[in-house]
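[1] sequence unknown, structure follows:
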C-alpha cells in the first residue's frame, strides 16, 4: 500500500514540474516589470532608515533584490513608508537632511542623491504584494491540486486486483 502512495507522489512530481516552471517564469516576469518600474520611479529617493544601501531601487539588480525581499514579506511595509516620505531625514550624525524635488545631475554629483519620496509607493508596493503573494500562492496551490488529482486518477482502476482475481475464478 505504501508503494502505491509513493507512486502517486512520484507521478505528482512529474506532473507538477512543467507547471512550476511556468509559474516561475510568470513570477520572474512580474518581478522584471516591477523592478523596471521601481527603478524608474524611485531611484532618486534619498536613503532613510529602511530604504538604504542594501534595500533600494538605484539599479535594476538592487531593485530585483529588494522586490524578492518584499515578496518574502521582510519589511516591505517599512520600505514602502520610507519611499513615500516627502520630508527630510535626520542622518546618523543627527544632522537634518532635506530632500530635494527634481534634483539636477550636478547636484547629485555634489551632495549625493537626495530626492523626495512619492505617495505612489503605496500603490506600487501594495499592488506588488497582492500580485506576487496572493496570486502566485493561489496558482501554486491550484497546480499542486490539479497534479494530485491527475496522479490519483491514473492509479485508480475500475476494479481492484483482488476483485479481478475473484472474477477470473
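    On my side now, so go ahead. Predicted, not measured: the structure shown is a model, and the values here were computed from it. Numbering: from 1, shown residues only.
[2] so where's the protein uncertain?
    1-2, 90-92, 151-152, 154-169 (pLDDT under 70).
[3] Which residue ranges of it form helices?
    Here the chain has its helices, by DSSP state H, at 2-42, 60-71, 76-84, 105-111, 120-129, 136-155, 161-168.
[4] Output those as CSV; include the columns mean neighbour count.
    From N, CA and C alone the C-beta is placed, and that goes for glycine too. Below are the helices of the chain laid out as CSV (neighbours: other CB atoms under 10 Å):
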stretch, mean neighbour count
helix 2-42, 14
helix 60-71, 18
helix 76-84, 20
helix 105-111, 10
helix 120-129, 16
helix 136-155, 13
helix 161-168, 9
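[5] okay, those in CSV with distance to residue 94 next?
    CSV is the format used below for those (distance: least, CB to CB, whole Å):
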stretch, distance to residue 94
helix 2-42, 26
helix 60-71, 27
helix 76-84, 19
helix 105-111, 18
helix 120-129, 26
helix 136-155, 42
helix 161-168, 80
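[6] so which of these gets nearest residue 97?
    Closest approach to residue 97 among the helices of the chain is made by helix 105-111 (9.2 Å; CB to CB).
[7] hmm, who's touching the closest one?
    44, 100, 114 (CB atoms under 8 Å, 6 or more residues apart in numbering).
[8] go with 10 Å
    Helix 105-111 has contacts (CB atoms under 10 Å, 6 or more residues apart in numbering) with 44, 97, 100, 103-104, 113-115.
[9] what does stretch 140-150 give?
    Applying CB under 10 Å, 6+ apart, the external contacts of stretch 140-150 come out as 8-9, 11-20, 22-24, 27.
[10] Which of those residues sits closest to residue 55?
    Nearest member of those to residue 55, counting by CB to CB, is residue 27, at 19.6 Å.
[11] Leaving out chain neighbours, which residue sits closest to that closest one?
    residue 136 (5.6 Å; CB to CB, 6 or more residues apart in numbering).
[12] how about the one you found, what does it touch?
    The contact partners of residue 136, by CB under 10 Å, 6+ apart, come to 23-24, 26-27, 30, 71.
[13] Reformat those as a markdown table; add distance to residue 124.
    Listed next are the contacts of residue 136 as a markdown table, based on distance: CB to CB, whole Å:
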| residue | distance to residue 124 |
| --- | --- |
| 23 | 23 |
| 24 | 23 |
| 26 | 19 |
| 27 | 17 |
| 30 | 13 |
| 71 | 14 |
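[14] and which of the residues you listed is nearest residue 62?
    residue 71 (14.9 Å).
[15] Thought residue 128 was touching the closest one, still the case?
    Yes. Applying CB atoms under 10 Å as the test, residue 71 and residue 128 come out as touching, 7.8 Å apart.
[16] Nice, that's everything, thank you.
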